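**Student:** My questions are about this predicted structure, shown below with the sequence.
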There are 2 protein chains.
Amino acid sequence: MSWSTNRLTRLLGIRLPLIQGGMVYMSGAKLVAAVANAGGLGLLGSGSMRPDLFRDQVRKCRGLTDKPFGVNVPLLFPNSAEILDIALEEGIKIIVTSAGSPRRVIGKLKEHGCTVLHVVANPLLARKCEDAGCDGIICEGFEAGGHNGREELTTMVLVPECVAAVDIPVVAAGGIATGAQWAACMALGADGVQIGSRFAITQESSGHPDYKQRVVDARFGDTMLRLKKHVPVRLLKNEFADQVAALEARGAEGEELAELLGQGRARRGMLEGDLTEGELEIGQVSGLIDDIPTVAEVVDRLERDFTTAIQRLGQP
Amino acid sequence: MSWSTNRLTRLLGIRLPLIQGGMVYMSGAKLVAAVANAGGLGLLGSGSMRPDLFRDQVRKCRGLTDKPFGVNVPLLFPNSAEILDIALEEGIKIIVTSAGSPRRVIGKLKEHGCTVLHVVANPLLARKCEDAGCDGIICEGFEAGGHNGREELTTMVLVPECVAAVDIPVVAAGGIATGAQWAACMALGADGVQIGSRFAITQESSGHPDYKQRVVDARFGDTMLRLKKHVPVRLLKNEFADQVAALEARGAEGEELAELLGQGRARRGMLEGDLTEGELEIGQVSGLIDDIPTVAEVVDRLERDFTTAIQRLGQP
């Protein structure tokens, strides 16, 4: 199947309308380059990188692929301005911003000739991104792993809402790990998809092997959304998640929660493999992830299953 | 588009693989017959009917259509056995059970030659339904209006989970109001869809006009899931929903909640049009519902938009 007239492949200069989400502790040069070489857009996950590490990863990635790649920058993180400066210095041309408003940074990014997409969880923010000059939006549903929106809009509802709200390309995210789910999102009107969890659980991801195996073992209902009143985040149930739930249930305030969360729990869980006391972010789709293949194998399956899904649709 | 080889149309003897959910206070003879005459399967919503009213509605419906129709029976409701007996006496051949286990009733229903589908919210229950002898399952995602599952699995994730779990036909429900969403669910591997909210907000639905208008006015994020620890239910935010939320937040026990819920709040909201003190059940997709058309118009739009969606998919 040729995607040469697709709006997202044209915007980003890639073969497939497929973005690998820039996930903390997962998305280093190795994963990003593998996705780029397989035809998608890889995103470095700068949210878990110190500036020097980020610069190093950009350079490493450039050594591993001659295809375009980008970076995800959570704007509310303390060093986001520094990360953006490094990205520009290093000649990155595709920036995905999240967790904050793109309005304050987009002028500078566009001056440098960047293509900018922003991650949203509702159609009102999608409209604001379009007004601010973003080139596209990534709308991420309730089922997505990690940080999440307050409205709890699911991908099935959010994508049509956003497609109706803006004229710029819309990328669907949340709950997409298979070619059938990819096809479903295209049927909803998306121009492409962003896939996180499925790429987190690959050979090239920098997550800890024990974390990856824990996700493989996960079944339906093993994730849940926590911290709904603060920063909603989807994670696997474990002792850490229970501690968070207990604090929430007795109405803990921000400071107490911040103390629990501020001990590098995400790093401990996902990078160091502490499956009980660490924070294990992953999407609801983890129940459908049953192995740890290479990125090339994942993309190959996605393409084959996409074709099967639309053939099934065309001959009802 | 012909659906003559589709498993659901063959199982139910209908033209389109499209079921109208049997919703309390919405799904009387008028709505059900209109859906049947438009080519889908209408379901009487027995959950809000006394036995004598139910029998009356079955007979009325038979006078309005010569097409097949069925009934939804929530098994945990006190009069469900009586309702099932009436359904059999009146010659109903399609029974959708929900809220409970079909195991205790399916023997009798199959003896009477009924086709039985059960509503589930996770793939484990789907498997149990198949083992119990159900002819199909309806899997309903987190975004659905009214009663809901505890695992919070969204339609995008739940449908592939259930398709992988069983060999019997799988009907997708939750978050489906447009032809694009219908096509998306078929891409996920569903054999058909069940649509609730969109049919609740039609001319033929027996909901109160003020309730219907409130749904038309609703935008994204106006519904939420409440009573998560008891019987999760998705409803529009209003004073009643706030009261429920306040009780939940201070850890109210079942009895106190039952008192608040036991005052016919659903009837008051949806049938009598009390928009502040009544319970206004509706799906998350209400943000995409902008008018109160006839059922024929809804089905016509669904068919047209379905075709548009799959044409878009076939030419990427």
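**Tutor:** Nice, thanks for sending it over. Worth saying up front: this structure is predicted, and the values here are computed from it rather than measured. Numbers count the residues shown, from 1 in each chain, chains lettered A, B, ... in the order given.
**Student:** Strands of the stretch 101-250 of chain A, start to end?
**Tutor:** A:115-120, A:136-140, A:146-147, A:170-173, A:192-195, A:223-226, A:233-236 (DSSP state E, counting those that start in this stretch).
**Student:** want to throw those into a markdown table with distance to residue A:130?
**Tutor:** Quick note: C-beta positions are derived from backbone N, CA and C, even for glycine. Shown next, in a markdown table, are the strands of the stretch 101-250 of chain A (distance: least, Cβ to Cβ, whole Å):
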| stretch | distance to residue A:130 |
| --- | --- |
| strand A:115-120 | 10 |
| strand A:136-140 | 7 |
| strand A:146-147 | 22 |
| strand A:170-173 | 10 |
| strand A:192-195 | 17 |
| strand A:223-226 | 27 |
| strand A:233-236 | 26 |
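**Student:** need those strands in TSV with mean pLDDT and mean neighbour count, can you?
**Tutor:** Formatted as TSV, the strands of the stretch 101-250 of chain A follow (pLDDT from 0 to 100; neighbours: other Cβ atoms under 10 Å in any protein chain shown):
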stretch	mean pLDDT	mean neighbour count
strand A:115-120	98	25
strand A:136-140	98	29
strand A:146-147	92	23
strand A:170-173	98	30
strand A:192-195	98	28
strand A:223-226	92	21
strand A:233-236	96	24
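**Student:** Tell me where the model's unsure across chain A.
**Tutor:** A:315-316 (pLDDT under 70).
**Student:** Present the strands of the stretch 101-250 of chain A as CSV; the columns should include distance to chain B.
**Tutor:** Output for those, formatted as CSV (distance: least, Cβ to the nearest Cβ, whole Å):
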stretch, distance to chain B
strand A:115-120, 11
strand A:136-140, 11
strand A:146-147, 16
strand A:170-173, 9
strand A:192-195, 10
strand A:223-226, 7
strand A:233-236, 10
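**Student:** Out of the ones you listed, which is closest to residue B:237?
**Tutor:** strand A:223-226 (18.1 Å; Cβ to Cβ).
**Student:** got the residues of the stretch 151-300 of chain A near chain B?
**Tutor:** Counting by Cβ under 8 Å from any Cβ of the partner chain, the residues of the stretch 151-300 of chain A close to chain B are A:151-158, A:160-161, A:164, A:174-176, A:178, A:180-181, A:183-189, A:220-221, A:224-225, A:249, A:251, A:284-285, A:287-288.
**Student:** Can you list which of those residues are found in helices?
**Tutor:** A:155-158, A:160-161, A:164, A:180-181, A:183-187, A:249 (DSSP state H).
**Student:** Let's see the ChimeraX selection covering just the buried ones among these.
**Tutor:** Provided next is the ChimeraX selection string for whichever of these are buried by 16 or more other Cβ atoms under 10 Å in any protein chain shown:
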select /A:155,156,157,158,160,161,180,181,183,184,185,186,187
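**Student:** distance of the residue nearest to residue A:267 when sequence neighbours are not counted from residue B:152?
**Tutor:** Leaving aside its chain neighbours, residue A:267 sits nearest to residue A:25 (6.4 Å; criterion: Cβ to Cβ, 6 or more residues apart in numbering or on different chains). Going from residue A:25 to residue B:152 by Cβ to Cβ, to the nearest Å gives 25 Å.
**Student:** Compare neighbour counts for those two and give me the winner.
**Tutor:** residue B:152 (26 against 23; other Cβ atoms under 10 Å in any protein chain shown).
**Student:** contacting residues for the more buried one?
**Tutor:** Going by Cβ atoms under 8 Å, 6 or more residues apart in numbering or on different chains, residue B:152 touches A:142, A:221, A:224-225, A:284, B:142, B:225.
**Student:** and with 10 Å instead?
**Tutor:** By Cβ atoms under 10 Å, 6 or more residues apart in numbering or on different chains, residue B:152 lies in contact with A:142-143, A:152, A:154, A:221, A:223-225, A:234, A:284, B:121-122, B:141-143, B:158, B:225, B:228, B:232.
**Student:** quick check: longest helix of chain A.
**Tutor:** Chain A, longest helix under DSSP H: helix A:295-314.
**Student:** And it, what does it pack against?
**Tutor:** Applying 3 or more Cβ pairs under 10 Å, 6 or more residues apart in numbering or on different chains; DSSP states H and E, we find helix A:295-314 packed against strand A:18-20, helix A:29-38, helix A:179-187, strand A:192-195, helix A:197-200, helix B:179-187, helix B:295-314.
**Student:** what secondary structure does residue A:100 sit in?
**Tutor:** Three-state call for residue A:100 (DSSP: H, G, I helix; E, B strand; the rest coil): coil.
**Student:** ok, and the closest non-adjacent residue to it?
**Tutor:** Here the residue nearest residue A:100, using Cβ to Cβ, 6+ apart, is residue A:75, at 2.8 Å.
**Student:** And the one you found, how far from chain B?
**Tutor:** Using Cβ to the nearest Cβ, to the nearest Å, we find residue A:75 at a distance of 22 Å from chain B.
**Student:** residue contacts, that residue?
**Tutor:** A:81, A:83-84, A:97-105, A:118.
**Student:** try 8 Å
**Tutor:** A:97-102, A:104-105.
**Student:** Would you mind writing the ChimeraX command to select the buried ones in those?
**Tutor:** The buried subset of those, as determined by 16+ other Cβ under 10 Å, is captured in ChimeraX by this line:
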select /A:97,98,99,100,102,105
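**Student:** and chain A, what are its domains?
**Tutor:** With domains defined by automatic domain parsing, chain A comprises A:7-206+A:290-314, A:209-285.
**Student:** mind checking which of the ones you listed is nearest residue B:13?
**Tutor:** Of the domains of chain A, nearest to residue B:13 by Cβ to Cβ is domain A:7-206+A:290-314, at 22.4 Å.
**Student:** how long is the closest one end to end?
**Tutor:** 23 Å (Cα to Cα, to the nearest Å).
**Student:** Quick one: residues contacting the residue of the stretch 1-150 of chain A found nearest chain B.
**Tutor:** For the stretch 1-150 of chain A and chain B, the shortest gap (Cβ to the nearest Cβ) falls at residue A:143, measuring 4.5 Å. Residue A:143 sits next to A:154-155, A:174-175, A:234, A:283-285, B:153-154, B:156-157 when contact means Cβ under 8 Å, 6+ apart.
**Student:** which one of the residues you listed sits closest to residue B:271?
**Tutor:** Nearest to residue B:271 among the contacts of residue A:143, with distances taken as Cβ to Cβ, is residue A:154, at 27.9 Å.
**Student:** wouldn't the closest one be in contact with residue B:283 here?
**Tutor:** No - if you go by Cβ atoms under 8 Å, residue A:154 and residue B:283 don't touch, sitting 10.2 Å apart.
**Student:** quick one, which of these two is more surrounded?
**Tutor:** Neighbours were counted for residue A:154 and for residue B:283 using other Cβ under 10 Å; residue B:283 has more, 32 against 29.
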